[in-house]
Every structure is written in structure tokens, then in C-alpha cells.
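need a 3D model of the sequence below.
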Amino acid sequence: MLQAIRTRAGSFIVKVLFGALILSFAIWGVGDIFRGRSPETIVAKVGDEEITANAVQKALQPAIVQLEETFGRKFNMGEVKKMGLVQSLVNGLVERSLVNQEVSRLGIVVANRVVRDAILGDPEFQSPPGQFNRFRFEQLLAANHLTEGEYVARLQKDIPARELLHAVTAAVAPPPLLLDTLYRYENEKRIAAVAFLPFSSAPNAGPPRPAQLQKFYEAHKNLFRAPEYRGFILASLTPGDLAATIKIPQKKLEEAYRDEAPSLELPERRQVLQILAANEKELKAAQAALAAGTPFKEVATKVAKEAPDTVDLGLVTEKELPAPLGRAAFALKLDTPSKPIKSPFGWHIIEVTKIVPARRESFAEAKPKILARLRQSRAANALYRIGEHADDGIAGGLPLPEVAKKFGLKLTNVAAVDVGGRDPAGKAVSLPVPQQRVIKLAFATDKGRATRVIHLEDGAIFALAVNRIIPPRIKTLKEVKPQALADLAAEGRRQAIAKEAAVLAASVSKEKRLEAAAAAKGIAVAETAPFGREGNAKLPPDLAQKLFAAKPGAVVTAMSSNGAYVAELRKVETPKAAAKGATVALKGSLAGQMRADLGSEFAQSLRTRFPVEIHARVIDRLF
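All right, here's what the predicted structure looks like:
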């Protein structure tokens, strides 16, 4: 179909469009849209369309990655769900479906030329950049179990949907008064005097009496709860399991090499030596020594006093160097020192000692990469077929071990694992497919029951059968005595420091500022730099929030994971009217949020035309 579109468009110099493909893959889960669905995996119905769990999962994965990068830690599915992320994504998919169905009702269509330009213009289909690579295009479609015709059909829906939303929301702009108010609010600052009382400074209370320990244990039994464990048999198969067994004919490898030829160009590389100094003046002695004929490395280490391992930058391409160095290095002749060059890292003199010309990778060099890609693509397609057959076997009543034996799936026996992926000894359980997906399903499956086959984003498949459920229980005091003793001691220190912080705060008055009250107790006080509503690296958000709710002269306290804070608010800094250009970023952000809200309102209004059913029980079971 793409070829037909290209032919009708004539010899048009093309652009590319893969952002739409990524959007379609990530949000819709295109590999799921065109395959059969089980009622057990339908999370919502919108008009005549169904949204499946696979579509939600495809949207969820990148969202979780972004969440973890933002907060710098891992999130389990329980936390993600409590934050409302799963439900938000389901709502987003529902809204997208509503808009697409409204597009169909209105009869909005997109010309073939627009779809063609979209495909040819997407950077993900380009190799090298700016040049459409049909092999990459076909490979990505195959990996997602999608034909070219199906993908084009999807774009013919997605493009007009985006245009419809743009028509509804394009004119939105925040009023100046709102911008000014938000600017003042976001840029308001506080200055406070702060005293910190660490838990480690609390006096040692000594060992508790048995009755005290028993009382603490009784009051905090939930701290000593053993979680529910589940045992199950996992049948799985990954692209890596199949790839090594797949044979690719030499002719196919050669065809792929020809298709990928533009992406196999190796740029020119140069061996570059450098002398680095903080300023141009420091390079004068090095310049004089080089002019006198002293070898470059000797000048770098003996005259410029550089560490030997920082002189040779190795064989590099122009793009691997900072722009000023790259331009100079790739304009130099061999063994000729450059003039001083300024970069973000300081001042440099460089010399090129070797030039490796640009060339194209030979077939022999590229063959391993091409072979791996083709095997991976074919493995993904084969796994899809195997998964469908295995699913039929499970639906037909075959025990999971027999299904695995018949269709070549690998079996993994898990004796006991908790919802966090750890065994009773606290060790992480290793699985051949993503652990959280498997464990979530295991804890949503009844004992003695086998699940349907699940298709993962990378092409892997799995199913499981639960054979053991160990209910949660409260561990005895004898089992947890060391932990109980440590927790009781920590609680004692926390209470002592909280009390000390409260006493210090109460002793502050107009006549006796925090510094004087703290000095009497041997506690240091420091005045902060101006800080915003989120606090800073030294102030926890809870303390910052309390200070933003207080008036100058007020004293507040807050607890953290390692101590208590006592703070006296000294000054409130309110910005004047925003300077010209200061609200540009805020205006763009606010306009984006307003457009998103308006788009959601538009989609919400479409529910009267296209009824929506959200299957909460299916969502709770699968996520």
C-alpha cells in the first residue's frame, strides 16, 4: 500500500513520520488491536470499540519508567495503582477512542499523500537521519504483528483525530491576570532560621523490660506480618529462546544488507591528542615548547603537567567531541598542533596523529547485526503463533505442563513468592520474563487454575498455573525479637527527639529568638537561603509547607526520616510583577494544561453519543 501511495504521489521528496507509530504502539498497543480478544482481558468498552489490558500495559510501561526516573526509585504495581496512574491511563484510552469514533461519525478523512509523508517523515524509520529505510519500517511493523495496510489504516484514524482536537483546543490562551497570579505564587520565597535535632542524639534508654517489649509487639503487630505467598508453574518462551534456532538464508541477509546500506556508513575517525588548560595564558609555555619541536605528549605531561591518561582522546568522530574541538580536529592536517581553542571545558591545543577515512561496513562486518535483527523479528512472529496455539490448548483443558511440552515452552517452578517478588528468605525470585507482570497475574489467579497466554511487548509469551497459596500471618515475638528490639529502640529515640523539638519550639518568643533558645541547649541554628514551596536539599517538603502557611515570627516543627526540625520564619519574599518574557514558559505550560482539560471535556461530552463501560473488576485483577 505504501508503494501505491508513493507511486500516485510521483517523485515527491519525502519527509518522515514515526512519532505517530510510537504514539500508536505506546498508547493503543497496536499488536493487540488486530488480534482476537478474551473477555477476561477487556478493560473497557467505548461505543463499538473494546480496550484491552494489553493496550493499557503498553501505555503503562513508559509511564512507570518516567515515574522512576523522576523520583529516583523503583515503584511496584501496588504503588502505581494507588497513585491513580492505571485509572488515568484507562481514562486516556477511553478519551482517545471517543475522539476517534467522533472522527468517523463526522466523516473526516486524510489524503493518502498526508499518510505517506507521515510514514516517510518519521525519524524512527530513517537510517541515516533524513532517509527512509524500508527495512526498519517492515521490521518494526513485524515486531508488533502489524501489516503495512493495517498500520496505514491506523494512521488514517489517528491523524484526523489529532486535527479534530487541535481545532477544538487551538485558540486556548491563559489570561494575563491568571499568569501574573500564578507567577507570584510559584516564585514566592521564604527565609527561616532552622535547628536540626538528629535521632542519633537521643540518649540511650538501655534494654527494655520484657513487658515493654511485649506491649510494643502487641501494639505494632502489623510490622511483623508475613505476607501471602504463592507457588506456581510458569510456562514461558522469549525471542532469545527461539532466535538462535532460526536459520536465515544467505540471500535474505544480502538483501537486508543492501536495504540497510545507507545506515552502515562509518564516519571518518581521527586519533586526537589534547593539552587542556583553564585559560589561554596557561597555554603559552606549551605553545612555545611545541614551536621548538618538543613532542606533543612530552609537552602535555611535562610542560602542561597533564595526567598521561587525559592526553590521548582516542579514535573519535567529529560528533563525539565538543563542537569547537570537533570542527578544529577535522580541519587539521596530520601531526600539526592547533591554535588555542576554547570549549566549555577550558582551553585546548590539539593534534591529530591518525586519520581513518569514512567507509561503509562490509557485509562480513554487518552480517552479525543483521542476522540478530532478522532472527529477533522472525522469533517474535513465531512466538505470536505459538502463543495462539498454546492458548487454544489451555482453553481446551490441557494441563499447563502438557501445553508447555507440546508447544516447546520452558517451565519454571516457583515454590513461594510474595507480591513484591521475594521468597520467604527475602531473596528476589528470578524469572525468565518480567517479574512484576507474572507475579501480578499469579496473585489474581485462583489455586488450581491456569491463566490464558499473555503476549508481552518484546514478543515473549507466558502462562501460569497457581498450585499453592500460603495465607498471610503475624509472626511470633520469638521469630521477630531482634527486629522488635531495634524497632522499639528507634521508636523511643523518635519520641524523645519529637518531645525535645516541641520543648525547644515552645521556648521561642519575641524576646528570645530561636538562636538563643537553641544555644541554651547546645543546638546549632542556621539561617536558610531563600527557598520555594518544595523546600531544598536541606529542608524537607513538610517543613517548607508549614513555613509557607505561617506568618513571619512563627515557629513550626517537622519530622523527617532521620530527625526533627524546629524553624522560625524570618522573612517572606513576594516577587513583583513578572518581567517581560519571564512568564513565557509558564504561559506555554498553562496553555498546554488548559488545552488538555478542554480536550478531556470535549471527549467527556462524546460519552452521550458513544456509551462507555469500564470493567473495574478486570482492571483490579490484572493490574
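
the closest residue in space to residue 299 that isn't next to it in sequence: which element?
What sits nearest to residue 299 in space, not counting adjacent residues and going by Cβ to Cβ, 6 or more residues apart in numbering, is residue 289, at 4.6 Å. Every C-beta, even on glycine, is put in place using the N, C-alpha and C of the backbone. According to DSSP states H and E, residue 289 maps onto helix 284-291.

which elements pack onto that helix?
Contacts defined by 3 or more Cβ pairs under 8 Å, 6 or more residues apart in numbering; DSSP states H and E place helix 284-291 against strand 346-356.

packing partners for the strand it packs on?
Strand 346-356 is packed against strand 269-277, helix 284-291, helix 323-329, strand 341-343, with contacts defined by 3+ Cβ pairs under 8 Å, 6+ apart.

would you confirm that the residue nearest to residue 299 contacts residue 300?
No: Residue 289 is not in contact with residue 300 according to Cβ atoms under 8 Å; the separation is 9.7 Å.

who's more crowded, those two?
residue 300 (26 against 19; other Cβ atoms under 10 Å).

residues contacting the more buried one?
Counting by Cβ atoms under 8 Å, 6 or more residues apart in numbering, residue 300 touches 273-275, 286, 306, 311.

so can I have a markdown table of those residues showing distance to residue 62 and pLDDT?
Shown next, in a markdown table, are the contacts of residue 300 (distance: Cβ to Cβ, whole Å; pLDDT from 0 to 100):
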| residue | distance to residue 62 | pLDDT |
| --- | --- | --- |
| 273 | 42 | 94 |
| 274 | 39 | 92 |
| 275 | 44 | 90 |
| 286 | 49 | 89 |
| 306 | 43 | 85 |
| 311 | 42 | 90 |
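
nearest to residue 141, of those?
Nearest to residue 141 out of the contacts of residue 300 is residue 274 (Cβ to Cβ; 45.6 Å).

show me what that closest one is bridged to.
Residues in a beta bridge with residue 274, per DSSP bridges, are residue 350.

for it, grab the count of nearby residues.
Neighbours of residue 274 (other Cβ under 10 Å): 23.

the strands in the stretch 151-300 of the chain, which residues?
For the stretch 151-300 of the chain, the strands defined by DSSP state E, counting those that start in this stretch cover 189-198, 225-226, 229-237, 265-266, 269-277.

break this structure into its domains for me.
With domains defined by automatic domain parsing, the chain comprises 2-169, 189-225+478-573, 229-246+367-471, 268-357.

could you redo those domains as CSV and give each row distance to residue 258?
Shown next, in CSV, are the domains of the chain (distance: least, Cβ to Cβ, whole Å):
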stretch, distance to residue 258
domain 2-169, 9
domain 189-225+478-573, 55
domain 229-246+367-471, 10
domain 268-357, 22
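
most packed of the helices and strands packed on strand 346-356?
strand 269-277 (a mean of 22; mean count of other Cβ atoms under 10 Å).

helices and strands around that one, which ones?
The contact analysis (3+ Cβ pairs under 8 Å, 6+ apart) places strand 269-277 against helix 296-298, strand 312-316, helix 323-329, strand 346-356.

nearest to residue 138, out of these?
With Cβ to Cβ, the closest approach to residue 138 among those belongs to strand 346-356: 32.5 Å.

now the closest one - C-alpha only, PDB.
Output in PDB follows, covering the C-alpha atoms of strand 346-356 (Å, rounded to 0.1, in the frame of the first residue of the first chain):
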ATOM      1  CA  GLY A 346      38.500  25.200  29.100                       C
ATOM      2  CA  TRP A 347      41.300  26.000  26.500                       C
ATOM      3  CA  HIS A 348      42.800  23.300  24.300                       C
ATOM      4  CA  ILE A 349      45.700  22.700  21.900                       C
ATOM      5  CA  ILE A 350      45.000  19.500  19.900                       C
ATOM      6  CA  GLU A 351      47.000  17.400  17.400                       C
ATOM      7  CA  VAL A 352      45.800  14.700  15.000                       C
ATOM      8  CA  THR A 353      48.100  11.700  14.800                       C
ATOM      9  CA  LYS A 354      45.900   9.300  12.700                       C
ATOM     10  CA  ILE A 355      43.100   9.500  10.200                       C
ATOM     11  CA  VAL A 356      40.700   6.600   9.500                       C
END
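
now that strand and strand 269-277, what's the angle there?
Relative orientation of strand 346-356 and strand 269-277, computed by axes from the mean of the first three to the mean of the last three Cα atoms, to 10 degrees: 160 degrees.

buried sites along strand 346-356?
Neighbour-count burial for strand 346-356, counted by 16 or more other Cβ atoms under 10 Å, picks out 347-352.

do the same with stretch 614-621
With the criterion 16+ other Cβ under 10 Å, stretch 614-621 contains buried residues 615, 618-619, 621.

and if you look at stretch 409-427?
409, 412, 414, 416-419, 421-422.

distance between the ends of that stretch?
26 Å (Cα to Cα, to the nearest Å).
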